[in-house]
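*Asks:* Sequence first, predicted model second:
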Amino acid sequence: MTTPASAVLHQPLTLEFDYTRSLGPVLSQYISGLGAKQVIGGVLSDGRVAVPPPDFDPATHDAVTEMKPVASEGSVVTWSWVAEPLADQPLDHPFAFALVLLDGADTPFLHAVDAGSPEAMSSGMRVRARWADEPTGSVRDLACFEPADASTSPDQEVGEPGETKIGITSVRLSYDYAASPEESVFGKALKEGRILGQRCPVCQKMYVPPRGACPVDGVPTSDPVEMPDTGIVTTFCIVNVPFLGQRIKPPYVSAYVLLDGADIAFLHLILGVDAHDVRMGMRVRAVWKPEAERSFSMENISHFEPTGEPDADYETYRRHL
């Protein structure tokens, strides 16, 4: 089967969430120092000063307890120019990502250098910290570095450790997903309310969703075969814990559904039945969204629900667990 390039589906996707963690005693001091326009390193077992300070020594694995201030100026070890900054990068105009070795530190760390042009960048050049106008208690309190002509030395002492901080970082990944020719045909069929599979001509396994080649035998699979939208529950879990972005109120069931005639189960929702009544071998049927609400994804199937038929015998699906 040959699929024209124009028929391949593309979908822009954005994965975004807030990552929350306890910074612990070491990084809490480091973040507090940045808010006070001070860079703090951690003293390792061999006497070297690492910036940012690690929680544990990389050689002995002991907890790092001694902290030491370093200068807010240093030298560029190596660098790479960013001509077209992406959203949420340190600067909204061209800049360099560089490994900066601060005076008093023994390990360089990655940060942005606002140099104006790549011609202004060079390994060994002196840079100094540019601090945020208003500290927010995050790594962004050190906004970036900029070229410097003279050096300074650390002259501050590390204060007593304060309370452990909680760090919240917004994570965002935007990309364009290009489906394979097989996935594109599969997605278009889903929009029509049909499920397609493809069979390996050697081992005869039926793959749903389809694959271009059998991962067992490495040979191309057959042309698409229309599959029934009924099957059985193989394994499942009951979701009881709420989480950010959850669309269904717990408890509900997330299960692997093995369609009739298929050899690979896929993950989907089981609704229309009390979560505690779901069981292995239960016969289920797809519940499709209205045609006007469909796209090209498995979400066209709203969920699976019991058919009321007798459960499948364990021996019929044992090898699919």
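*Replies:* Structure's in. What do you need?

*Asks:* which SS class is Glu119?
*Replies:* Three-state assignment for Glu119 (DSSP: H, G, I helix; E, B strand; the rest coil): helix.

*Asks:* my bad, should have said Glu182
*Replies:* helix.

*Asks:* how does this structure divide into domains?
*Replies:* 10-172, 179-227, 229-321 (automatic domain parsing).

*Asks:* In CSV: the ones you listed, plus mean pLDDT.
*Replies:* CSV is the format used below for those (pLDDT from 0 to 100):
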stretch, mean pLDDT
domain 10-172, 88
domain 179-227, 93
domain 229-321, 94
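
*Asks:* could I get the ones you listed as a markdown table with mean neighbour count?
*Replies:* Quick note: C-beta positions are derived from backbone N, CA and C, even for glycine. As requested, the domains of the chain are exported to a markdown table (neighbours: other CB atoms under 10 Å):
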| stretch | mean neighbour count |
| --- | --- |
| domain 10-172 | 16 |
| domain 179-227 | 17 |
| domain 229-321 | 15 |
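
*Asks:* Let me know the helix or strand that the closest residue to His276 other than its chain neighbours is in.
*Replies:* Of all residues not flanking His276 in the chain, Ile238 sits nearest, at 7.0 Å (CB to CB, 6 or more residues apart in numbering). Ile238 is part of strand 230-239, with elements assigned from DSSP states H and E.

*Asks:* for the residue nearest to His276, what are its contacts?
*Replies:* Counting by CB atoms under 8 Å, 6 or more residues apart in numbering, Ile238 touches 251-253, 275-276, 278.

*Asks:* Now do the helices in the stretch 51-200 of the chain.
*Replies:* Secondary structure of the stretch 51-200 of the chain (DSSP state H, counting those that start in this stretch): helices located at 181-191.

*Asks:* What segments of it are strands?
*Replies:* 67-70, 73-82, 95-102, 109-113, 126-131, 142-147, 166-178, 195-199 (DSSP state E, counting those that start in this stretch).

*Asks:* Asn300 is nearest to which of the ones you listed?
*Replies:* Taking CB to CB, strand 195-199 is the member of those nearest to Asn300, at 9.6 Å.

*Asks:* Send over the closest one as CSV, restricted to the C-alpha atoms.
*Replies:* Coordinates of each C-alpha in strand 195-199 appear next as CSV, following Å, rounded to 0.1, in the frame of the first residue of the first chain:
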residue,chain,number,x,y,z
ILE,A,195,-11.4,0.6,13.1
LEU,A,196,-8.7,-0.8,10.9
GLY,A,197,-6.0,-3.3,11.6
GLN,A,198,-3.1,-4.8,9.6
ARG,A,199,-1.9,-8.4,9.6
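
*Asks:* Next secondary structure after that strand?
*Replies:* strand 206-207.

*Asks:* what's that following strand packed up against?
*Replies:* Packing partners of strand 206-207 (3 or more CB pairs under 8 Å, 6 or more residues apart in numbering; DSSP states H and E): strand 195-199.

*Asks:* What is the strand it packs on packed up against?
*Replies:* Checked by 3+ CB pairs under 8 Å, 6+ apart, strand 195-199 has helix 181-191, strand 206-207, strand 225-227 packed alongside it.

*Asks:* what lines up beside that strand in the sheet?
*Replies:* strand 206-207 (antiparallel), strand 225-227 (antiparallel) (DSSP bridges).

*Asks:* contacting residues around the last one?
*Replies:* Judged by CB under 8 Å, 6+ apart, the contacts made with strand 225-227 from elsewhere in the structure are 189, 194-199, 206, 208, 259-262.

*Asks:* follow-up on the earlier one: mind putting the helices and strands packed on strand 195-199 in CSV, distance to Leu34 included?
*Replies:* Output for those, formatted as CSV (distance: least, CB to CB, whole Å):
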stretch, distance to Leu34
helix 181-191, 45
strand 206-207, 52
strand 225-227, 57
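
*Asks:* Using PDB, list the CA coordinates for stretch 292-309.
*Replies:* Provided in PDB are the C-alpha atoms of stretch 292-309 (Å, rounded to 0.1, in the frame of the first residue of the first chain):
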ATOM      1  CA  ALA A 292     -19.900  16.000  13.900                       C
ATOM      2  CA  GLU A 293     -17.500  15.800  17.000                       C
ATOM      3  CA  ARG A 294     -15.000  13.400  15.500                       C
ATOM      4  CA  SER A 295     -11.400  14.100  14.500                       C
ATOM      5  CA  PHE A 296      -8.700  11.700  13.500                       C
ATOM      6  CA  SER A 297      -7.900  10.100  16.800                       C
ATOM      7  CA  MET A 298      -8.900   7.300  19.200                       C
ATOM      8  CA  GLU A 299     -10.900   9.900  21.100                       C
ATOM      9  CA  ASN A 300     -13.600   9.400  18.500                       C
ATOM     10  CA  ILE A 301     -14.400   6.400  20.600                       C
ATOM     11  CA  SER A 302     -15.700   8.000  23.800                       C
ATOM     12  CA  HIS A 303     -15.300   4.800  25.800                       C
ATOM     13  CA  PHE A 304     -16.100   1.100  25.900                       C
ATOM     14  CA  GLU A 305     -19.100  -0.300  27.800                       C
ATOM     15  CA  PRO A 306     -20.300  -3.800  28.600                       C
ATOM     16  CA  THR A 307     -22.300  -5.700  25.900                       C
ATOM     17  CA  GLY A 308     -24.000  -7.900  28.500                       C
ATOM     18  CA  GLU A 309     -22.700 -11.000  26.800                       C
END
